[in-house]
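Trainee: A structural model of the following input is requested.
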Amino acid sequence: MEIKGKEYEVVYEQAVSTVTFKGELALMGMGEYPPIANLLEQCLEDATSQEPRQLTLDLRELKFLNSSGINVISKFVIKVRRSAKIAMTIRGSDTIPWQAKSLVNLKRLMPGMIVELG
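Mentor: Predicted coordinates for the structure are as follows:
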């Protein structure tokens, strides 16, 4: 599954249970994020039916994410936490300023989640 826009790409690789975000994701408000939120929902459903039950969000190549996008990812992390069936990892880059700050905050929403910054 994948979603491509002018400035971004979101790809789900089922074989490795990884959603990879690339580019700059700066859609105009929450009203433009449902396709990405729906893709994440499908990934969560898929991950709950696999063994091991894990899901990785790879944001290392996502240069920019606006507040609406952070909101979508935050809500997704909360859904994963509530399912209590999925081990989740978020991979980010410590060279991208927004990631070092925002990804650590996501861990507060799901303390058991692994956040890797490299």
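
Trainee: and after the lowest-mean-pLDDT helix or strand in the chain, which helix or strand comes next?
Mentor: When the helices and strands of the chain are scored by mean pLDDT, DSSP states H and E, helix 97-109 comes last with a mean of 89. Using DSSP states H and E, the helix or strand that follows helix 97-109 in sequence is strand 114-117.

Trainee: Tell me the helices and strands packed up against that following strand.
Mentor: When contacts are defined as 3 or more C-beta pairs under 8 Å, 6 or more residues apart in numbering; DSSP states H and E, strand 114-117 packs onto strand 87-92, helix 97-109. Any C-beta I mention is one placed from the backbone N, CA and C, and that applies to glycine too.

Trainee: any chance of the ones you listed in a markdown table, plus distance to R53?
Mentor: Formatted as a markdown table, the helices and strands packed on strand 114-117 follow (distance: least, C-beta to C-beta, whole Å):
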| stretch | distance to R53 |
| --- | --- |
| strand 87-92 | 7 |
| helix 97-109 | 19 |
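
Trainee: Next, the angle strand 87-92 makes with the least confident helix or strand of the chain.
Mentor: 160 degrees (axes from the mean of the first three to the mean of the last three C-alpha atoms, to 10 degrees).

Trainee: Pull out the buried positions in stretch 65-74.
Mentor: In terms of neighbour count (16 or more other C-beta atoms under 10 Å), stretch 65-74 has its buried residues at 65-66, 68-70, 72-73.
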